[in-house]
Each structure stands twice: as structure tokens, then as C-alpha cells.
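Undergrad: based on what follows, work out the 3D shape:
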Amino acid sequence: MEMLRDRGYDVADSELALSLAEFRSVFGDKPDPERLRFCFPLCSNPVKKMLVMFLGTDQVKTKDIRELFGKIVNKESLHGLILILQSKINAYAKKEVEKFSFKVEFFQITDLLVNITKHILTPRYEILDAAKKHKILKKYEVEEKQLPWMLETDAIARYYGLEKGHVVKVTYSGGIVDSLETYRCVI
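TA: Down below sits the predicted model:
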């Protein structure tokens, strides 16, 4: 939920404040993955929605992806889909996902146990919009490919859902310097 809010989706404070006991009272001790579906609109454009689905403990296969796609209602308004896995997904199932008309991301459930952006040693990240990106590139007289790189597979890039071409302002604080700002381009 925190990750979605950080990405700009409209997640209610009550969703973030839900304790484990409250979660269990709603979903039970062993929740059914079918019931664990959440859909949130993008704050800047409520028509675009992100659907989050938890998959079971069995390996995800092609037929599972096809069934899942058939169950998704209002595919037209989906901006993206996040699948939270408790096991592996085979290569054929990953290929099947490429047929979707929207972006599909996979996270292992263990990757989401801790919010990596809240670690004391993690710098602060700000995703630049097109105008800010253009301003920075012009200020430093560089092209985006000349900026230091951040891989699309980087944990922070995955957390924020960044794609190739996004530019991120990274602010380091503490340590030797009070504050240091750098920019990274996602490749």
C-alpha cells in the first residue's frame, strides 16, 4: 500500500494504518488469495487504475495467467497490474503476460515485507516529470544518456515503477556532507 501511495495512487490512510489484528479480522489467519485484490486510482488521473493481486503458493503457469486475465473486470481502465507471488512463475507464463495491453509487474511477497525507501541509509528519491527533466538536462548541458544510470531492475526503480528514460533526483544527507544531489537516468 505504501508503494502504491509513493507511486501517486490514491490509497486511504485507513488502508495504511491497518494493523495485523485488524487485517486478520477482515481476511482471516490464512487469507484466500482470491479475496486479496485491491484496485487504486491514480491521483493525477483517476481513470487510470492499478490492480494488485496476490497469487497462491503454487507455481504460476500459462493457464493461470490466462484464467487471471479472464477474471479481470474493466481491463480498459487498468493502467497496470501488480502480481504478488509466493512462488515462482515459469517463463511461458511471463511470455503470456506480454500480451496484456497494460504494464504487469511481479513482486515476490518477501520483497515487500520491508519498505526499502524507509531504511536509514537509503537516500531520498524524487521522480522528475518531463518539464523538470528537460530543465535539468538543459542546466547541465547533457543528454539523458550522459547521466549516471539506474537499471530498470534496480530495487528502487521497481519500487517506484520506473521505466526507461525516467530521470530521478537522488538526495543524500548525513555522513560526510550535509546534502548531495545527483541525478540518475533509468536504462
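Undergrad: any chance of the backbone angles for residue 152?
TA: Backbone torsions of residue 152, given as degrees, to the nearest 10, read phi -60, psi -20.
Undergrad: residue 80 too?
TA: Given degrees, to the nearest 10, the pair of backbone angles that residue 80 has is phi -170, psi 170.
Undergrad: to what extent is it buried, counted in neighbours?
TA: As a burial measure, residue 80 scores 18 neighbours (other C-beta atoms under 10 Å). Where you see a C-beta, it was placed from the backbone N, CA and C, and this is true even at glycine.
Undergrad: in space, what's closest to it - neighbours in sequence excluded?
TA: In space, not counting the residues next to it along the chain, residue 80 is nearest to residue 103; the distance is 4.4 Å by C-beta to C-beta, 6 or more residues apart in numbering.
Undergrad: which strand residues bridge residue 37?
TA: Beta-bridge partners recorded for residue 37 (DSSP bridges): residue 53.
Undergrad: before we move on, back to that, make sure the residue nearest to residue 80 is actually in contact with residue 83.
TA: No: counting by C-beta atoms under 8 Å, residue 103 stays clear of residue 83, with 11.3 Å between them.
Undergrad: so which of the two has more stuff around it?
TA: Counting neighbours by other C-beta under 10 Å for residue 103 and for residue 83 shows that residue 83 has the greater number, 20 against 14.
Undergrad: residues touching that one, list them.
TA: Contacts for residue 83 (C-beta atoms under 8 Å, 6 or more residues apart in numbering) come out as 53, 55, 60, 68, 89, 104-107.
Undergrad: done for today, thanks.
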